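Visitor: sequence first, predicted model second:
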Amino acid sequence: MHEHYRWKRVWAAVALAAACAGCGMRSGEGLTVTSREPVYPVLIRNDRNPILQVVVESKDAARDKLQSFEFTLTGTDDINDLESLELVHTGPNQAIGDGAVFGAPAAPAQKVSFRGDQAIQAGSNVFWLSCRLKPTADLSHKVGAVLTSVRTSGGALNVGAAPAGPPHRIGIALRKHNDDGVHTYRIPSMTRGPKGTLYAVYDMRRRMSRDLQEDIDIGLSRSLDGGKTWEPVKVIMDMGTYGKLPPEQNGISDPGILVDQKTGEIFVWAVWMWGKPGKHQWKDDGSEPGYEIGKTAQFMMVRSKDDGVTWTKPENLTRKLKKKDWWLLTTSPQAGINLKDGTLVQPVQGRDEKGETFATLLVSRDHGATWTVGAPVFTGGNECQAAELGDGSVMLNIRNDHERYRAVFVTSDLGKTWREHETSRKTLIEPNCNASLYRVDYRQGTEDRHVLLFANPFSQKARDHQSIQVSFDDGKTWPEKNRLLLDEGKGRGYPSLTRIDDRTVGIVYEGSQADLVFEKVALDELLNR
């Protein structure tokens, strides 16, 4: 449907002078060389970052051996971002982390080569050019490479002069599998405070990757320098062994975050389950009508008034906000917004009196002293994101679990009533996954303008092709030319966008190369593609 990387194919059938003994093939005969540069980010903190895949195909086992590969780092902005490079030999379906190094690692240079002695097997002989980045690598830079030669013991296979593929964006592996002894990090929500501090909250799934009910806490990462560096994880919500049940029956998950840009106060919400091992709050009786802990999942909140340094103990809002006959009410795992008049708006989700899913808004007009919940909208969707439109109305973009298109609704009265948007369930595709909707205001010449940014896995089949799209007309159209692909690989898919400064946005998402990936994107790159 859409081509997101360039294949560079060179068919090499170079007949060399000396014939192989017996019935073996002549050197180079029956061999083909294919290279491609898939769209993956290259990440600070990763030991191996795949840049370019090279496949040597052989119809039969060849007597000759692979002895050298050469590359130029075409598309690399600054080789000083790199610490080292490796060529890794993997099986056709083997992860790069499990592969064996071919030859010795190479120091960064415009031209790099790797020398070894690798037997050519029948079928696909797969190699990956990989890099390790310096901790100081520039997040605005990119890394790219081109294969220039492959040599066997019988001679060179001419790979020609192939053009460079799309360069890889530099990012940070914000959280990785087993960091700090945590099995899996999931469900990121990110926002920015009035001092410029970035806050990313997420699930710390301590024993395994599964959803509630499990041993899950809420973690926070802060950056004081626009995402260049991040402080160590701080646990801000942990229900411990409440009621003398173990942590795996006191899980708290799916955080949402909102910062009052006037007062600087930060609010983080999450859903707490007590007991009910093996249950899920969105399925069957994992959460039930009423208010009782252990029966219905609980709507919890913590606050910080000092830029995220210290936090209150978890406060239970279930009885204040949830209707008794609803089966569930909790935050959407995404960042809330400040309207122009100072109203605080957090997207929330739940299950109604029939147990059916819905989305709506949580609203405060008094800087978080009190909150009200809007009317449910769109049965069949739950995780949602909110953005203020040019006319002051609020758009709610909703995960659609029954179709492969996003549901979109608009309210002009803070969620009391809703109308379906003209693009709803027919424009923005999805694989049934969380997403991120974010408004960016900017100045062009003498004019004040705004766009909507939308991030999700751009697919209707799997949680892959993590992308950012742009709308210049409050979500009516999303031009294909302005769509930016960040990661074509398969991840768990959840993203969260925020502003970093006047000309840059940041995104944290569940990617193919780390549990949680952070990247910076220049606004000009999105607007002027």
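Guide: Nice, thanks for sending it over.
Visitor: tell me the contacts of the closest residue to Pro333 other than its chain neighbours?
Guide: Nearest in space to Pro333, with sequence neighbours left out and distances taken as Cβ to Cβ, 6 or more residues apart in numbering, is Asp254 at 4.2 Å. C-beta: built from backbone N, CA, C; applies to glycine. Asp254 makes contact with 187, 203, 270-271, 330-333 under the criterion Cβ atoms under 8 Å, 6 or more residues apart in numbering.
Visitor: helices of the stretch 401-529 of the chain, start to end?
Guide: 523-527 (DSSP state H, counting those that start in this stretch).
Visitor: look at the residue nearest to Pro333 and report its pLDDT.
Guide: Asp254 is assigned 98 on the pLDDT scale.
Visitor: now do Met395
Guide: In this model, Met395 carries a pLDDT of 98.
Visitor: report the beta-bridge partners for it.
Guide: On the basis of DSSP bridges, Met395 is bridged to Ala387, Val410.
Visitor: quick one, helices of this structure?
Guide: Secondary structure of the chain (DSSP state H): helices at 318-321, 523-527.
Visitor: coming back round to it: between the contacts of Asp254, which sits nearest Gly390?
Guide: Ser332 (23.0 Å; Cβ to Cβ).
Visitor: isn't the closest one right up against Ile257?
Guide: No. Using Cβ atoms under 8 Å, Ser332 is not in contact with Ile257; the gap is 10.7 Å.
Visitor: hmm, back to that, the helices of the chain: which one's closest to Asp464?
Guide: Among these, if distance is taken as Cβ to Cβ, the winner is helix 523-527, at 20.4 Å.
Visitor: mean confidence for the closest one?
Guide: The predicted confidence, averaged over helix 523-527, sits at 96.
Visitor: same question for stretch 185-194.
Guide: 98.
Visitor: try stretch 266-281
Guide: 98.
Visitor: measure stretch 41-56 end to end?
Guide: Using Cα to Cα, to the nearest Å, the end-to-end distance of stretch 41-56 comes to 24 Å.
Visitor: before we move on, back to that, now render the helices of the chain as JSON lines, adding mean neighbour count and distance to Ile236.
Guide: Formatted as JSON lines, those follow (neighbours: other Cβ atoms under 10 Å; distance: least, Cβ to Cβ, whole Å):
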{"stretch": "helix 318-321", "mean neighbour count": "16", "distance to Ile236": "19"}
{"stretch": "helix 523-527", "mean neighbour count": "16", "distance to Ile236": "30"}
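Visitor: give the closest residue to Val101 in space, chain neighbours not counted.
Guide: With Cβ to Cβ, 6+ apart, the residue lying closest to Val101 is Glu86, at 5.4 Å.
Visitor: isn't that neighbour up against Ala107?
Guide: No. If you go by Cβ under 8 Å, Glu86 and Ala107 don't touch, sitting 11.3 Å apart.
Visitor: what about these two, which has more around it?
Guide: Glu86 (22 against 11; other Cβ atoms under 10 Å).
Visitor: give me the beta-bridge partners of that one?
Guide: So, taking DSSP bridges as the rule, Glu86 has Ser130 as bridge partners.
Visitor: show the contacting residues for it.
Guide: Glu86 neighbours (Cβ under 8 Å, 6+ apart): 48, 101-102, 105-106, 114, 129-132.
Visitor: for it, give me the pLDDT.
Guide: So Glu86 comes in at 98 (pLDDT).
Visitor: kindly report the same for Gly445.
Guide: 88.
Visitor: now swap in Glu29 and tell me
Guide: So Glu29 comes in at 66 (pLDDT).
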